[in-house]
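Engineer: Dropping a prediction and its sequence here:
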Amino acid sequence: MNMITNHLPTAELQALDAAHHMHPFTDANGLATKGARIITRGKGVWLTDSEGNQIIDGMAGLWCVNIGYGRKSLAEVAARQMEELAYYNTFFQTTHVPAIALAAKIAELAPGDLNHVFFAGSGSEANDTNIRLVRRYWQVKGQPDKRVIIARKNGYHGSTMGGGSLGGMSPIHAHGGMIDGIVHIDQPYWWGEGEDMTEADFGLARAKQLEDKILELGVENVAAFIGEPIQGAGGVIVPPATYWPEIQRICDKYGILLIADEVITGFGRTGNWFGSQTFGIKPHIMTIAKGLSSGYQPIGGSIVCDEVAAVVAEGGEFFHGYTYSGHPVAAAVALENLRVIQEEGIIDHVRTVAHPYLKERWDALTDHPLVGEAKLVGLMGSIALTPDKAKRAKFASEAGTVGFKTRERCFANNLIMRHVGDRMIISPPLVITPAEIDVLIERAKKSLDESYAILKAEGLMVAKQE
Ligand code: PXG
């Protein structure tokens, strides 16, 4: 058997990696100089690298390993399913038991009349499905001009052409362009953009941009609005409490479809099954991936409400699908993952144990001279680094310089805590215990202290003049 356990020395692996492996979202030459960290094992919230370091994973991989690493039952389900039926498709009037069972389970867990699931292999693919679904919906309803989708700047919806276009990140748009019919409004990021407004007023003002945009484009041209309940890749931006109710009101008033991208916020991350429940959002479509399988298999999908599914069905064949839509091994593993989340009471653990314990310690990080605000919803958190908290000031250095230096200290201290610009973010496995939270916080504080000392020595604790 080709088991990759007894591997080459780290330096040789790094050289091979640099020679042959093109990494996502990576400066290849920069990485080749430094060498990639090679992760070899995972158990619970812990990772081991090829040098034997024990790293606490404050990001659950890429926001996905909700039930933690090393779950034997998921491995067993995968092996059994591969032996029984490794692959079959769900095109051309066929189906299989894992896809049926998983779709039914998701429909049971999803709120309201979100009762139909279109499977994809990832969150990006699912969002591409959503673009085609909402445009098809309006076509079948006899309004083919309703095809524009309104999204937000600094939102993230994947990196396929469709997903990357829905996302509001200009560096992504700059590499390969955008598809047509997608426009962006500003994000509800009070700390960074709220200036003198109260959080509540700012939330309403940013939501009002949706109404203004609908009126500018003409409601007869607008198909849908898409947003993440909490922006993840954008820096764990938790919107003001006034924001989502106003977005919901505007979508309802103009009758446009609302898509909640729950790729990160789904499956317990915010202390409920879905972030939409945490924020009182009633979407027509939800995008799911990541926590659906806790990353044990690549699988995503769109959960679609009764009305949208019925209209699309009325239109006859929907020309869309992926070879791996509802892949039986991925579906079986996702189903086992959902069983684990449910039977172990993992969402209750988030809500009653892990969140309250972490929240107290996370908020206390604002006592640190480098930290402005701290946000935590469920187990999705961020802190803003600032040279002057009272003014919510940005650093004079290029955005991300300080965040990157702080992340380097985390990396050296065996804590995976990412930076987005000058915000530090966490999203640990949902099974994290209070003792492990203590380790996470202790390493975070040490890293902040070291970073602060470096910034002072390098003269970087300087505010940008606005
Ligand atoms: N929607 C949201 C809200 C996401 O966070 C996707 C869609 C795309 O999913 P796939 O499975 O196609 O990657 C995501 C993915 C980061 C990072 O650095 C975030 C994501 C992916 C990779 C890196 O924060 N989110």
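Structural biologist: Yep, that arrived. Residues are numbered from 1 along each chain as shown.

Engineer: In space, not sequence, find me the middle residue of this protein.
Structural biologist: Geometric centre of the chain, nearest residue: Ile264, 3.2 Å, by C-alpha atoms, centre = their mean.

Engineer: how about that one, secondary structure?
Structural biologist: The three-state label given to Ile264 by DSSP: H, G, I helix; E, B strand; the rest coil is coil.

Engineer: ok, and the closest non-adjacent residue to it?
Structural biologist: Gly232 (3.9 Å; C-beta to C-beta, 6 or more residues apart in numbering). In short, each C-beta sits where N, CA and C put it, glycine included.

Engineer: CA atoms of stretch 49-58 as PDB?
Structural biologist: In PDB, the C-alpha atoms belonging to stretch 49-58 read as follows (Å, rounded to 0.1, in the frame of the first residue of the first chain):
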ATOM      1  CA  ASP A  49       4.400  19.000  11.500                       C
ATOM      2  CA  SER A  50       7.200  17.100   9.900                       C
ATOM      3  CA  GLU A  51       9.600  18.400  12.600                       C
ATOM      4  CA  GLY A  52       7.400  17.100  15.400                       C
ATOM      5  CA  ASN A  53       6.000  20.400  16.500                       C
ATOM      6  CA  GLN A  54       2.600  20.300  18.200                       C
ATOM      7  CA  ILE A  55       0.500  23.100  16.800                       C
ATOM      8  CA  ILE A  56      -2.900  24.200  18.100                       C
ATOM      9  CA  ASP A  57      -5.100  24.800  15.100                       C
ATOM     10  CA  GLY A  58      -7.000  28.000  15.800                       C
END
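
Engineer: would you list every one of the strands in the stretch 101-250 of the chain?
Structural biologist: 114-120, 148-152, 182-185, 222-227 (DSSP state E, counting those that start in this stretch).

Engineer: and those strands as TSV, adding distance to Ala78?
Structural biologist: Shown next, in TSV, are those (distance: least, C-beta to C-beta, whole Å):
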stretch	distance to Ala78
strand 114-120	17
strand 148-152	35
strand 182-185	37
strand 222-227	32
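
Engineer: Pick the most deeply packed of those.
Structural biologist: Burial of the strands of the stretch 101-250 of the chain is given as mean neighbour count (mean count of other C-beta atoms under 10 Å); strand 222-227 ranks first at a mean of 26.

Engineer: CA atoms only: put that one into CSV for me.
Structural biologist: What follows is strand 222-227 as a C-alpha-only set of coordinates in CSV (Å, rounded to 0.1, in the frame of the first residue of the first chain):
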residue,chain,number,x,y,z
VAL,A,222,-32.1,42.5,-10.1
ALA,A,223,-32.2,38.8,-9.4
ALA,A,224,-30.7,38.4,-5.9
PHE,A,225,-28.5,39.7,-3.1
ILE,A,226,-25.8,37.4,-1.6
GLY,A,227,-23.9,37.8,1.7
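
Engineer: for the record, mean pLDDT for stretch 236-244?
Structural biologist: For stretch 236-244, the mean pLDDT works out to 98.

Engineer: surely Lys105 meets Glu336?
Structural biologist: No - the criterion here is C-beta atoms under 8 Å, and Lys105 misses it with Glu336 at 10.5 Å.

Engineer: Those two: who's more crowded?
Structural biologist: Per other C-beta atoms under 10 Å, whichever of Lys105 and Glu336 has more neighbours is Glu336, with 25 against 17.

Engineer: Quick check: closest non-adjacent residue to that one.
Structural biologist: Nearest non-adjacent residue to Glu336, counting by C-beta to C-beta, 6+ apart: Val77, 4.4 Å away.
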